[in-house]
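*Asks:* Fold the following for me, if possible:
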Amino acid sequence: MSKLRELLFREAETEASGLPAAATGVASSSGNSTQAAQFAQAAQASRSSQSFQSSQSVQSVQSVQSAQSRQSTTSGLSLRGGLLKPKLENNASESEAHRLYQNLKTKVHNRLIENLDIEALMKLEGHDALEEAIERTVHVLLDEEHLPLSSEERHGIAKDVLYETIGLGPLEPLLADSDVNDILVNGARSVWVDRNGRLAETEIRFKDNTHLLHVINRIVARIGRRVDESSPIVDARLPDGSRVNAIIPPLAIDGPILSIRRFRHNPFSFEDLIAKKTLSESMAEYLQKSVKARLNILISGGTSAGKTTLLNVVSAQISDEERIVTIEDTAELRLQQRHVVRLESRPANIEGQGSISQRDLVKNALRMRPDRIVVGEVRGPEALDMLQAMNTGHEGSLTTVHANSARDALSRLETLVLLAGVDLSQRSIREQIGSAFDLVVQIKRMSDGARKVVSITEITGIQEGVISMQEIFDFRQEGLDPDGRVLGTHVACGIRPFLESKFKDAGIELPQELFMDREEVAAET
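*Replies:* Here you go, the predicted model:
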């Protein structure tokens, strides 16, 4: 509860301008209704003791009523999906309705912050009681406005003010929707979501760009980062592990841009990926055994292809008895093992000092006695240090890279190694890559939005200065169905792994049927 006290004191100081309060997730409950009612009464008593100037209060109420009266003569207002909207389809009326609603919500929120009774809050037990107390108080404040609002409208405003006080404002309903994979905010008036690989625009709106910028600042402040004109790009994460990227003016011309990549509360498993037809049972079994045999695996794919999701699933096969060190720019891996050390890079401070890169963390990880090193994504000179780690006894390491094919992934690694500024020949770089990695797993986002593992390729060595590879499994697309869904089959290429000796050394058997097409297996039986 001391954290709650610190939160509310901080909000009372920072929210005097009427912007939303800082966030912390809560869930609805009616468990502490007596305490909540006492808090509402205490808040009301606190308001009466503060001697508001009656002339200002009357003037504020009259201005809202006057604005609503002007609006009602043209269209009337109704509540749909948490926003006041005109019953008639008229852009001007809709803009006026949105402005009136935001002004009322801001006013109620300001009064709520001004009248918080810390002593009463300290008596509440848990977030559920806090949520109920705030909602009751908001209803009291709405009653004092004497506005002709329906019960549905009152409930909607109360819920929105609650989101502004202890959540992320208009984004809270989207964050509570488990079907939403991505939340894309393109300025205050445009919010899009990704559901099952398909983009759709929502009716969610922010009051203005300042409101949106405040929500962004609330997110990044949690992890000790900042975003302003001197540092207009920032990566962050939500408490549930969701990845956040924000870019603000002057780099973003039309207002602040916020991108949130959601992650499931319950991580995916191989069974989930098989059910979604992301890969076949044979591919899943081979990857499981490859991790247990301590093969170094590179997961490759384009943007939003599912690389991190697949890395989480694959890494789940690592034994609980091993020490795992993860290295990321923004922490988003969620390993389930008990002995996991999570490291995250740090950007420079306002003086341009104190930056800690992924390369620094990879070097340090080698001194931490790791059994496995998992790099969230290789995107810079840390590629060289990672290759050296894999070639000096740190087997079973995992990482991802942006590339469109397995061959492109190796070429990109060559380029990233050159960024380290070390004078190495192309041949020596390729020799290090060829000896470091054992498998390249290519995942792709298809035209219908589905994610599929399209190939599992084995690196067999170097021949005449070229890295040699052979495909173990691939996905053969057969076209589209009438609804635009991709048709195809995951098949084995009929080739036994070149690295089968590594499996035998680990005591793992690879059955012949694993590398045969189902039709071939049926024919033999």
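*Asks:* show me what contacts the nearest residue to Val227 once chain neighbours are set aside?
*Replies:* Leaving aside its chain neighbours, Val227 sits nearest to Val234 (4.3 Å; criterion: C-beta to C-beta, 6 or more residues apart in numbering). Glycine gets a C-beta too; all of them are placed from N, C-alpha and C. By C-beta atoms under 8 Å, 6 or more residues apart in numbering, the residues touching Val234 are 216, 220, 225-227, 245-247, 347.
*Asks:* Quickly name whichever of those is closest to Lys292.
*Replies:* If you rank the contacts of Val234 by distance to Lys292 using C-beta to C-beta, Asn245 comes first, at 34.6 Å.
*Asks:* Help me confirm that that closest one is found in a strand?
*Replies:* Yes - per DSSP: H, G, I helix; E, B strand; the rest coil, Asn245 lies within a strand segment.
*Asks:* That one and Pro256 touch, don't they?
*Replies:* No - between Asn245 and Pro256 there is no contact, the gap being 11.4 Å when judged by C-beta atoms under 8 Å.
*Asks:* Neighbour count for the two, which is higher?
*Replies:* Set Asn245 next to Pro256 and count neighbours by other C-beta atoms under 10 Å: Pro256 wins out with 25 against 14.
*Asks:* Alpha carbons only: can I get stretch 454-461 in PDB?
*Replies:* Provided in PDB are the C-alpha atoms of stretch 454-461 (Å, rounded to 0.1, in the frame of the first residue of the first chain):
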ATOM      1  CA  VAL A 454       8.500 -22.200 -44.300                       C
ATOM      2  CA  SER A 455      11.900 -24.000 -44.000                       C
ATOM      3  CA  ILE A 456      14.300 -25.600 -41.600                       C
ATOM      4  CA  THR A 457      17.800 -25.600 -43.100                       C
ATOM      5  CA  GLU A 458      21.000 -27.200 -41.900                       C
ATOM      6  CA  ILE A 459      24.400 -25.600 -42.300                       C
ATOM      7  CA  THR A 460      26.900 -28.300 -43.400                       C
ATOM      8  CA  GLY A 461      30.100 -26.300 -43.600                       C
END
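*Asks:* What helices and strands are in contact with the strand ranked longest in the chain?
*Replies:* In the chain, with assignment by DSSP state E, the single longest strand is strand 466-480. Counting contacts by 3 or more C-beta pairs under 8 Å, 6 or more residues apart in numbering; DSSP states H and E, strand 466-480 is packed against helix 281-292, helix 406-418, helix 426-436, strand 451-463, strand 486-492.
*Asks:* before we move on, back to that, partner residues bridging the residue nearest to Val227?
*Replies:* Ala246 (DSSP bridges).
*Asks:* Look up how far Arg372 lies from it.
*Replies:* Counting by C-beta to C-beta, to the nearest Å, the gap from Val234 to Arg372 is 30 Å.
*Asks:* For Val313, which non-adjacent residue is closest in space?
*Replies:* Using C-beta to C-beta, 6+ apart and skipping the chain neighbours, the partner closest in space to Val313 is Phe268 (5.3 Å).
*Asks:* Quick check: that neighbour vs Ala275, distance?
*Replies:* Taking C-beta to C-beta, one finds Phe268 at 10 Å from Ala275.
*Asks:* what does Glu229 give?
*Replies:* From Glu229 to Ala275 the distance is 47 Å (C-beta to C-beta).
*Asks:* what secondary structure does Leu384 sit in?
*Replies:* Taking three-state DSSP, the label given to Leu384 is helix.
*Asks:* What's the per-residue pLDDT of it here?
*Replies:* The model reports Leu384 with a pLDDT of 93.
*Asks:* Of Phe268 and Ala275, which one has the most company?
*Replies:* Each of Phe268 and Ala275 has its neighbours counted (other C-beta under 10 Å); Phe268 has more, 18 against 10.
*Asks:* and Leu258, that one's in a helix?
*Replies:* No - counting by three-state DSSP, Leu258 is not found in a helix; it is strand.
*Asks:* Which pLDDT value does the model give the residue nearest to it when sequence neighbours are not counted?
*Replies:* Among residues not flanking Leu258 along the chain, Val185 sits closest, at 4.0 Å (C-beta to C-beta, 6+ apart). Per-residue confidence (pLDDT) for Val185: 95.
*Asks:* Next: Ala120.
*Replies:* Listed pLDDT for Ala120 reads 60.
*Asks:* ditto for Gly507
*Replies:* pLDDT, Gly507: 92.
*Asks:* how many other residues sit next to it?
*Replies:* The burial count for Gly507: 8, using other C-beta under 10 Å.
*Asks:* so it is in which element?
*Replies:* For Gly507, there is no enclosing helix or strand under DSSP states H and E.
*Asks:* How about Asp194?
*Replies:* According to DSSP H and E, Asp194 maps onto strand 191-195.
*Asks:* Could you give me the buried positions within that strand?
*Replies:* Neighbour counts over strand 191-195 (16 or more other C-beta atoms under 10 Å) mark 191, 193-194 as buried.
*Asks:* now swap in stretch 199-218 and tell me
*Replies:* Neighbour-count burial for stretch 199-218, counted by 16+ other C-beta under 10 Å, picks out 202, 204-207, 209, 211-218.
*Asks:* I'd like these written out as CSV, with pLDDT, secondary structure and distance to Ser355 added.
*Replies:* Formatted as CSV, the buried residues of stretch 199-218 follow (pLDDT from 0 to 100; DSSP: H, G, I helix; E, B strand; the rest coil; distance: C-beta to C-beta, whole Å):
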residue, pLDDT, secondary structure, distance to Ser355
Thr202, 92, coil, 37
Ile204, 87, coil, 35
Arg205, 87, coil, 37
Phe206, 88, coil, 32
Lys207, 83, coil, 35
Asn209, 92, helix, 29
His211, 87, helix, 31
Leu212, 92, helix, 27
Leu213, 93, helix, 24
His214, 88, helix, 27
Val215, 90, helix, 26
Ile216, 93, helix, 21
Asn217, 91, helix, 21
Arg218, 88, helix, 24
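*Asks:* any idea which of those is closest to Ala420?
*Replies:* Nearest to Ala420 out of the buried residues of stretch 199-218 is Ile216 (C-beta to C-beta; 33.1 Å).
*Asks:* contacting residues around the closest one?
*Replies:* When contacts are counted by C-beta under 8 Å, 6+ apart, Ile216 touches 227, 234, 246, 248, 256, 258.
*Asks:* so who does the third one touch?
*Replies:* Ala246 sits next to 216, 219-220, 227, 233-234, 236, 256-259 when contact means C-beta under 8 Å, 6+ apart.
*Asks:* could you redo the last one with a cut-off of 6 Å?
*Replies:* Counting by C-beta atoms under 6 Å, 6 or more residues apart in numbering, Ala246 touches 216, 227, 234, 258.
*Asks:* before we move on, back to that, show the pLDDT at the residue nearest to Val227.
*Replies:* Reported pLDDT for Val234: 91.
*Asks:* start the count at 859, not 1, going forward
*Replies:* Will do, 859 is the new start, and the previous item becomes Val1092.
*Asks:* That one and Ser1100, how far apart?
*Replies:* From Val1092 across to Ser1100, the span is 15 Å (C-beta to C-beta).
*Asks:* For Ile1157, identify the helix or strand it belongs to.
*Replies:* In this structure, Ile1157 sits in strand 1155-1159 according to DSSP H and E.
*Asks:* Which secondary structure elements does that strand sit against?
*Replies:* If you count contacts as 3 or more C-beta pairs under 6 Å, 6 or more residues apart in numbering; DSSP states H and E, strand 1155-1159 packs onto helix 1165-1173, strand 1256-1260, strand 1297-1303.
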